[in-house]
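Visitor: sharing a model prediction with you, sequence too.
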Amino acid sequence: MRPIARWAAAAVALVALVGSTAACGDDDSGDGPVTLRFTWWGNADRAELTEKALDMFEAKHTGIKVETSYAEFNAYFQKMATEIAGGSAPDVLQMDYRYVREYADRGVLAEFGGKAAVDTSKFNKSLIKGGTVGGKVYAIPMGQNTQEFTYDPAAWQAAGATAPAEGWTWADLETAAGKVSQATGNKVRGVVDFGPIEDWFEVWLRQQGKSLYSDDGKLAYTAADVQKYWEYTDKLRRSGAATQADVTSKVDGSQANDPVTQKTASSGFGYDSGFTPKTWEIMGREMKLASFPTTGGELGQYAKPSMLISISKKSKHAKEAAQLIDFLLNDKEAGALLGTSRGLPVNSDIRDSIGATLTGPPKVAYEYEKQLLPKLKDAPPPPPKGAGAVKQAFQRIYDDVMFQRSPIPAAAEKFINEAKQALA
């Protein structure tokens, strides 16, 4: 097996084959061996499965070798930005829904089609839209997921907290989280402070009939919306129901550094694609999944690409890169191996075939999404250029709220101003 280089940095008309023309660099592979660089984010569990799938690919495509590297989410995009700026982008790169438009508009991503064709005939076409910009496909979904609430049922029961149920509310969450904190003398907080995370703010907005962005790529909410959200999360933290500022500020998107994993919190928000075979082992206990608390009964969640995959526009091996992507998404043997490590498989045949064989955390995620699927809405189109900077500003400025460096109204106004500048 190849060694893994782990980074150390802290729509509807699209059928069968995506696209019809290629926008990749010239493929000069000739008849010689081809080496592809493939990078992704995730934990060691995902990396292990990915490496095994790549060994299978190399065995079936003896003229192609794949070099790999991976990192946790934040470090991944920091490193990616550096490599792209230096002109050394990998051939194949895992892409996030929120960054597709930005990277496509910057000319970083190749358009799928022609010799860079991938079979998407078994994919949900609404997911394909998540990687489509200006009618062209620049990223293909690797999996399907949705937002979720993870909680420790044993801790909640011991504290006398009412378990989440259909239609539960944000007030219910506040009460339950408070009980867990009180029962443990604040050693284990009821919930991870979710104030810094724009993803969960988006669900909260959608529950009120709003969205992050308008059709023309502008902010579709106001400072008053941000203030109201942060006032609620700030209230939870000050009451002791949510994690302390010094704990929350260390959250980096990895399971290992999550307060729930570290057992300093009993619950938190996430995506169901995070439930991989070793999740119980990583978290040290079995957990349960529930939908988000609601506002007025509106769920606000949607089915989204858990992550996408793209080809660098500068890749000289577009054909081979597309072959690798097609294999990872459509090969039945590879699909059975990868399972739900990146969310539910996008190929419907593979998804149905592995569903009955799942056990442990992947089975919990599969059953959760299957039950919730009829209630999920279509994902919004990819966010506009600058959305990545907006997401980072949301987290950074909330730090000022957590550490009481800024009153909430001022912080909300500051964020809106920075967000508008990032999108301009």
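Guide: Looks like it came in fine. For clarity, every value in this text was computed on a predicted model and none was experimentally measured. Numbering: from 1, shown residues only.
Visitor: quick one: Leu329 is in a helix?
Guide: Yes. Judged by DSSP: H, G, I helix; E, B strand; the rest coil, Leu329 forms part of a helix.
Visitor: how near is it to Tyr221?
Guide: Taking CB to CB, to the nearest Å as the measure, Leu329 falls 34 Å from Tyr221. Every residue, glycine included, has its C-beta placed from N, CA and C.
Visitor: mind checking which of these two has more residues around it?
Guide: Taking neighbours as other CB atoms under 10 Å, Leu329 and Tyr221 compare with Leu329 leading, 25 against 19.
Visitor: what residue is smack in the middle of this protein?
Guide: Centroid-nearest residue in the chain, with CA atoms, centre = their mean: Ser306, separated by 5.1 Å.
Visitor: so that one sits right up against Gly130, yeah?
Guide: No. Between Ser306 and Gly130 there is no contact under CB atoms under 8 Å: 10.0 Å.
Visitor: shared neighbours, the two?
Guide: Both Ser306 and Gly130 are contacted by Pro141, under the criterion CB atoms under 8 Å, 6 or more residues apart in numbering.
Visitor: name the nearest residue to Asp215, sequence neighbours excluded.
Guide: Ranked by CB to CB, 6 or more residues apart in numbering and with sequence neighbours excluded, the top spatial neighbour of Asp215 is Pro381, at 8.0 Å.
Visitor: typed the wrong thing, it's Pro380
Guide: In space, and not counting its chain neighbours, Pro380 is closest to Ser211: 6.1 Å by CB to CB, 6+ apart.
Visitor: any idea how far that neighbour is from Leu289?
Guide: To Leu289, Ser211 is 24 Å away according to CB to CB.
Visitor: who's more crowded, those two?
Guide: Per other CB under 10 Å, whichever of Ser211 and Leu289 has more neighbours is Leu289, with 20 against 15.
Visitor: so what pairs up with that one in the strands?
Guide: According to DSSP bridges, the partner residues bridging Leu289 are Thr150.
Visitor: distance of it relative to Met142?
Guide: As defined by CB to CB, Leu289 lies at a distance of 21 Å from Met142.
Visitor: how about the strands in the stretch 301-424 of the chain?
Guide: For the stretch 301-424 of the chain, the strands defined by DSSP state E, counting those that start in this stretch cover 304-311.
Visitor: show me where pLDDT drops low in it?
Guide: Residue ranges of the stretch 301-424 of the chain with pLDDT under 70: none are present.
Visitor: OK, contacts around Phe201?
Guide: 226, 229, 394.
Visitor: do you know how far the second one is from Trp170?
Guide: Okay, so that is Tyr229. Tyr229 is 10 Å from Trp170, by CB to CB.
Visitor: with neighbour numbers in mind, choose between those two.
Guide: Per other CB under 10 Å, whichever of Tyr229 and Trp170 has more neighbours is Tyr229, with 20 against 15.
Visitor: figure out the helix or strand that the more buried one lives in.
Guide: Using DSSP states H and E, the element containing Tyr229 is helix 223-239.
Visitor: can you name every helix or strand that that helix contacts?
Guide: Contact partners of helix 223-239 among helices and strands, from 3 or more CB pairs under 8 Å, 6 or more residues apart in numbering; DSSP states H and E: helix 170-183, helix 198-206, helix 387-402, helix 408-423.
Visitor: distance from the helix or strand where Ala75 lies to the middle of the chain?
Guide: Here Ala75, judged by DSSP H and E, is contained in helix 73-85. Here helix 73-85 is found 16 Å from its chain centre; the criterion is CA atoms, centre = their mean, to the nearest Å.
Visitor: which helix or strand lies directly C-terminal to that helix?
Guide: The helix or strand immediately downstream of helix 73-85 is strand 92-95, counting by DSSP H and E.
Visitor: adjacent strands (with direction) for that next one?
Guide: As defined by DSSP bridges, the strand partners of strand 92-95 come to strand 34-41 (parallel), strand 304-311 (antiparallel).
Visitor: next, the angle from the last one to helix 73-85.
Guide: This points to strand 304-311. For strand 304-311 and helix 73-85, the angle between their directions (axes from the mean of the first three to the mean of the last three CA atoms, to 10 degrees) works out to 30 degrees.
Visitor: angle of strand 304-311 against helix 198-206?
Guide: Using the same axes, to 10 degrees: strand 304-311 against helix 198-206 is 130 degrees.
Visitor: circling back to that earlier point, surely the residue nearest to Asp215 meets Lys129?
Guide: Yes. Look at Pro381 against Lys129 with CB under 8 Å: they come within range, at 6.5 Å.
Visitor: settle it for me: which of the two has more neighbours?
Guide: Remark: of Pro381 and Lys129, Lys129 carries more neighbours, 20 against 17, as counted by other CB under 10 Å.
Visitor: coming back round to it: what angle do the helix holding Tyr229 and helix 198-206 make?
Guide: 120 degrees.
Visitor: mean confidence for helix 223-239?
Guide: Across helix 223-239, pLDDT averages out at 98.
Visitor: what residues of it count as buried?
Guide: Under the neighbour-count criterion of 16 or more other CB atoms under 10 Å, helix 223-239 has 223, 225-227, 229-230, 232-234, 236-237 buried.
Visitor: for Gly268, name its beta-bridge partners.
Guide: Thr150.
Visitor: what is the burial count for it?
Guide: By other CB under 10 Å, the residues close to Gly268 number 25.
Visitor: how far away is it from Arg285?
Guide: Shown here: Gly268 relative to Arg285, a distance of 14 Å by CB to CB.
Visitor: same question for Ile397.
Guide: When distance is defined by CB to CB, Ile397 is 34 Å away from Arg285.
Visitor: neighbour count: those two, which is higher?
Guide: Ile397 (23 against 14).
Visitor: which residues does the more buried one contact?
Guide: Ile397 makes contacts with 406, 411, 414-415, 418, as judged by CB under 8 Å, 6+ apart.
Visitor: now, of those, which are buried?
Guide: If you count burial by 16+ other CB under 10 Å, the buried members of those come out as 406, 411, 414-415, 418.
Visitor: and which of those is nearest Gly114?
Guide: Distance to Gly114 across the buried ones among the contacts of Ile397 (CB to CB) is lowest for Glu418, with 39.9 Å.
Visitor: can you tell me how far the nearest residue to that closest one once chain neighbours are set aside is from Gly240?
Guide: Of all residues not flanking Glu418 in the chain, Ala393 sits nearest, at 4.7 Å (CB to CB, 6+ apart). Per CB to CB, Ala393 is found 28 Å from Gly240.
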